[in-house]
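*Asks:* Coordinates for the following, if possible.
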Amino acid sequence: MSSPANLDQIVVEATAMQVIMGDLAANYQNALSTILRAAKNGVDLVILPELAITGYAVGDEFEITELLKENKRAVDMLIESTKHLDIAVACGYVDYDEKVTGHDGRLRRYNSAVVFQRG
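*Replies:* Residues are numbered from 1 along each chain as shown. Okay, the predicted model is just below:
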């Protein structure tokens, strides 16, 4: 991490890690490995891909509430697993609000990103 005396320069890595559609466990492991490697290499901010946890879904994949819950749990696990590191992380995932539905009555989902550092 850049020292306070050197705030004029930070190291940013935008990564194109492998994301496997629907394989949240593999995507979590790939994301964690990417973050750990970047931290070891002195990166200050690593930017993971859009939908890094779920991969891109086709059709009604995101209608599966359990998939959405697992997706949020995976993000929480990434935050917990990296809270000892100085690196900042931007991670794409699917957010949702169980209390909000769209005009079609389906659960409202959001293509989102979370940024975290030290939990």
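*Asks:* Show me what residue 113 is bridged to.
*Replies:* When assigned by DSSP bridges, residue 113 has beta-bridge partners residue 92.
*Asks:* isn't it right next to residue 92, touching?
*Replies:* Yes - using C-beta atoms under 8 Å, residue 113 makes contact with residue 92 at a distance of 5.0 Å. For glycine as for every other residue, the C-beta is placed from the backbone atoms N, C-alpha and C.
*Asks:* the more surrounded of those two?
*Replies:* Taking other C-beta atoms under 10 Å, residue 113 and residue 92 do not tie; residue 92 has more neighbours (19 against 16).
*Asks:* Next one: that one from residue 84, what distance?
*Replies:* Look at residue 92 and residue 84: by C-beta to C-beta, to the nearest Å, they are 23 Å apart.
*Asks:* what is in contact with residue 113 and residue 92 at once?
*Replies:* Applying C-beta atoms under 8 Å, 6 or more residues apart in numbering, one finds that residue 113 and residue 92 are jointly contacted by residue 50.
*Asks:* Is residue 26 within a helix or a strand, and which one?
*Replies:* Residue 26 is located in helix 24-40, with elements delineated by DSSP states H and E.
*Asks:* what does residue 43 give?
*Replies:* Under DSSP H and E, no helix or strand contains residue 43.
*Asks:* If I look at the most centrally placed residue in the chain, what pLDDT would I see?
*Replies:* What sits nearest the mean C-alpha location of the chain, by C-alpha atoms, centre = their mean, is residue 91, with 2.7 Å. Residue 91 is assigned 97 on the pLDDT scale.
*Asks:* wait, isn't it in contact with residue 113?
*Replies:* Yes - counting by C-beta under 8 Å, residue 91 does reach residue 113; the two are 6.5 Å apart.
*Asks:* OK, contacts around residue 13?
*Replies:* Contact partners of residue 13, counting by C-beta under 8 Å, 6+ apart, are 38, 41, 43, 45, 46, 47.
*Asks:* in the sheet, who's paired with it?
*Replies:* Taking DSSP bridges as the rule, residue 13 bridges to residue 46.
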